[in-house]
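J.: how would this look folded up:
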Amino acid sequence: MATNTYVALQTQVLSSSASSVTFSSISSSYTDLRLVMTATTVSGAHDWYLTFNGDTTSGLYSDTILTGNGSTATSTRHSGQNFIRLDNNAYMDATTTGNCVVDIMSYANTSVYKTVLARANHTTTGVDATVGLWRNTNAITSITIYPEFSGSFTAGSTFTLYGILAA
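T.: Next comes the predicted model:
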């Protein structure tokens, strides 16, 4: 009998705008997690940020982002942050939907720092590939996603968290 490798743990479809989306009480029964997001924003907020377990301690997060827009490619590095930036050029806005897929490896392993690989795309601004790090060995039990500049995700934005078995 075949088993499902990806198990949908929770989906949140916003019925009204929200300043953040949180997945909490995440089971430790899986090897890895995958977060799939399709969203637009209000208030000119573009970039997507991510934190774990409510931890916004400055200096524990870092990321490196490779960006392309169809004619040029660049890279950007952020360290000493209190979040992981999931995108740089492939940002969402109020009129065009942005998409982002985030893989979180070994999220329940309490002997390693947590790593993130993200891919984001936007039809008019470009694509991004991000590697992020949370310098903490705690198991991840909650994930919060929010847009920059105290913006909000719009109604209809969709967020789904999957557990991955035996990755």
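J.: who are the neighbours of the helix or strand bottoming out on mean pLDDT in the chain, in terms of helices and strands?
T.: Least confident helix or strand of the chain, by mean pLDDT, DSSP states H and E, is strand 41-42 with a mean of 80. Packed against strand 41-42 by the contact rule (3 or more CB pairs under 8 Å, 6 or more residues apart in numbering; DSSP states H and E) you find strand 152-153. C-beta coordinates here come from the backbone N, C-alpha and C atoms, glycine included.
J.: Which residues outside the strand it packs on are in contact with it?
T.: Residues from elsewhere that reach strand 152-153 (CB atoms under 8 Å, 6 or more residues apart in numbering): 14, 17-21, 39-43, 45, 147.
J.: Most neighbours among these, which one is it?
T.: Ranked by the number of neighbours (other CB atoms under 10 Å), those place residue 147 first, at 29 neighbours.
J.: Show the backbone phi and psi for it.
T.: Note on residue 147: its backbone torsions stand at phi -90, psi 160 [degrees, to the nearest 10].
J.: try residue 58
T.: phi -60, psi 140.
J.: Might one say that it is in contact with residue 80?
T.: Yes: using CB atoms under 8 Å, residue 58 makes contact with residue 80 at a distance of 6.5 Å.
J.: about what we covered before: adding distance to residue 116, write the contacts of strand 152-153 out as a markdown table.
T.: Formatted as a markdown table, those follow (distance: CB to CB, whole Å):
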| residue | distance to residue 116 |
| --- | --- |
| 14 | 23 |
| 17 | 25 |
| 18 | 22 |
| 19 | 21 |
| 20 | 17 |
| 21 | 16 |
| 39 | 18 |
| 40 | 23 |
| 41 | 21 |
| 42 | 26 |
| 43 | 25 |
| 45 | 20 |
| 147 | 17 |
